[in-house]
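**Student:** Build me a model:
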Amino acid sequence: MAVVPVKLGGRSYRVHVARGLLREAGRHCAPLLRKQTVPIVTDANVAREWQATVSVSFIAQGIEPRWLVLSPGEASKGWDTLARVTDWLLAEQVERGDHVLALGGGVIGDLVGFASAILKRGCRFIPLPTTLLAQVDSSVGGKTAINTTAGKNLVGAFHQPSLVLADLDALATLPEREMRAGYAEVLKYGVLGDAEFFDWLAANCGAVLAREDEPLERAVAASVAAKARIVAEDERETADRRALLNLGHTFGHALEAETDFSDRLLHGEGVALGMVLAARYSARLGLIGEDDAARVTRAVDAAGLPAEIAALGLNADGARLADHMLHDKKMDAGTLPFVLLRGIGEAFVARDVKLADVATFLDEQLRSR
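**Tutor:** Below you'll find the model as predicted:
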């Protein structure tokens, strides 16, 4: 088992990465719980695979699990479902010192984390992430949010968990496409700040995606450790350090918006293609060589992730895609910071990028690839 500390003073916690954690969830969580009941929110897909296992683990500790099972998918990450979750938690008489558990992927984690942040001005929560993307990204760092008609994750709060249990066994039932989408976030840590990890992933991509024990644990633990270091330095993204985690996201979110945040393009797929575009745009500006941009493209393509914008079949031009970026939550004083590259493992935040130039670049990508 790998145990990764997230060092935030009085808000510090640990992320456990191993197989079998959901079977032992009750034992790991019991020391944090004050009551003989525990509220757990999940979705129907995850419940089918893991509800019984998690229930047994708590019952063995003399704790009764109370379940709220939601519809799966990004559509649940909105105002209506947030109201349903908070009303249910109030009916369950959750108090500020209690913990709410979130069993599922990024949608459940973000939704339940935000509900916990606002319920009675803040109660505690424990994510039990069941997707690769959630294990290496959304469950760590305290960002919680819901989507609105204006865009993705525009209403939310920073609210750190008390504990994270990343059970690698949960990935065994993860659809192949979801596994690859999560891998995009793993690859991101190599591209933005660890050239050695990037090279290791290039040699072990197949083993990680095949869920082989040692490579999978190393990939998840290394990703969590990378994010933990960044979060400890810049918890609320008030400096550029945490903003590096947005590599690929500005381009990716625009593509997600153009595809209506639907299954046409999963979040991780958008991030993967966004990293390719960020690398190519960096090369266009002369910040990196074309060879480094090609290496990023090959790494994304080798994972079976989208590496060419033309493959999406979008009915949009560069100006339309750039316009989506105006709704990005990272807008600051009318400018949008972009995470670009000076090399593999050397990301930085550029604050002088002109959206008109980005639009021209995207038009070039749409025409030439």
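**Student:** Report the buried residues of stretch 86-99.
**Tutor:** With burial defined by 16 or more other C-beta atoms under 10 Å, the residues of stretch 86-99 counted as buried are 86, 88-89, 92, 94, 98-99. Just so you know, the C-beta spots here come from the backbone N, C-alpha and C atoms, and that holds for glycine as well.
**Student:** Endpoint to endpoint, it covers what distance?
**Tutor:** Using C-alpha to C-alpha, to the nearest Å, one end of stretch 86-99 lies 13 Å from the other.
**Student:** Need the residues that contact it.
**Tutor:** With contact meaning C-beta atoms under 8 Å, 6 or more residues apart in numbering, stretch 86-99 is reached by 29, 32-35, 37-39, 66, 68, 100, 115, 118-126, 162.
**Student:** so of those, which ones are in helices?
**Tutor:** The members of these that map onto helices under DSSP state H are 29, 115, 118.
**Student:** and the last one, what pLDDT?
**Tutor:** Spelled out, it's I118. For I118, the pLDDT comes out at 98.
**Student:** Also D332?
**Tutor:** If you check D332, the pLDDT there is 66.
**Student:** Of the ones in helices among the contacts of stretch 86-99, select the buried ones using a PyMOL command.
**Tutor:** Per 16+ other C-beta under 10 Å, the buried members of the ones in helices among the contacts of stretch 86-99 correspond to this PyMOL selection:
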select buried, resi 29+115
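**Student:** For G106, which non-adjacent residue is spatially closest?
**Tutor:** In space, and not counting its chain neighbours, G106 is closest to S138: 4.1 Å by C-beta to C-beta, 6 or more residues apart in numbering.
**Student:** wait, isn't the one you found in contact with L111?
**Tutor:** No. Using C-beta atoms under 8 Å, S138 is not in contact with L111; the gap is 10.7 Å.
**Student:** Save the buried residues of stretch 86-99 as TSV, and put in pLDDT, distance to L273 and secondary structure too.
**Tutor:** Shown next, in TSV, are those (pLDDT from 0 to 100; distance: C-beta to C-beta, whole Å; DSSP: H, G, I helix; E, B strand; the rest coil):
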residue	pLDDT	distance to L273	secondary structure
T86	98	35	helix
W88	98	37	helix
L89	98	37	helix
E92	98	41	coil
V94	98	40	coil
D98	98	41	coil
H99	98	37	strand
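**Student:** got those residues as JSON lines, with distance to D194 columns?
**Tutor:** Output for the buried residues of stretch 86-99, formatted as JSON lines (distance: C-beta to C-beta, whole Å):
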{"residue": "T86", "distance to D194": "39"}
{"residue": "W88", "distance to D194": "41"}
{"residue": "L89", "distance to D194": "39"}
{"residue": "E92", "distance to D194": "42"}
{"residue": "V94", "distance to D194": "39"}
{"residue": "D98", "distance to D194": "38"}
{"residue": "H99", "distance to D194": "33"}
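**Student:** With respect to A172, which of the residues you listed is nearest?
**Tutor:** Closest approach between the buried residues of stretch 86-99 and A172, by C-beta to C-beta: H99, at 26.5 Å.
**Student:** Walk me through which strands the helix or strand hosting G156 pairs with, and which way each runs.
**Tutor:** Element membership for G156 (DSSP states H and E) is strand 151-158. In the sheet, strand 151-158 lines up against strand 143-148 (antiparallel) (DSSP bridges).
**Student:** which residues in this structure form helices?
**Tutor:** Going by DSSP H, the chain shows helices at 25-29, 44-59, 79-91, 106-118, 132-133, 176-193, 195-209, 213-233, 240-243, 249-258, 267-284, 290-302, 318-325, 355-368.
**Student:** ok, now how distant is C29 from V56?
**Tutor:** Using C-beta to C-beta, to the nearest Å, C29 is found at 13 Å from V56.
**Student:** Could you check how far L119 is from L133?
**Tutor:** Noted for L119: a distance of 25 Å to L133, by C-beta to C-beta.
**Student:** same deal with Q36?
**Tutor:** Computed as C-beta to C-beta, the Q36 to L133 distance reads 33 Å.
**Student:** ok so, going back, residue contacts, the residue nearest to G106?
**Tutor:** For S138, the contact set (C-beta under 8 Å, 6+ apart) comprises 105-106, 109-110, 129.
**Student:** do N153 as well
**Tutor:** Applying C-beta under 8 Å, 6+ apart to N153 gives the contacts 110, 143, 145-147, 329.
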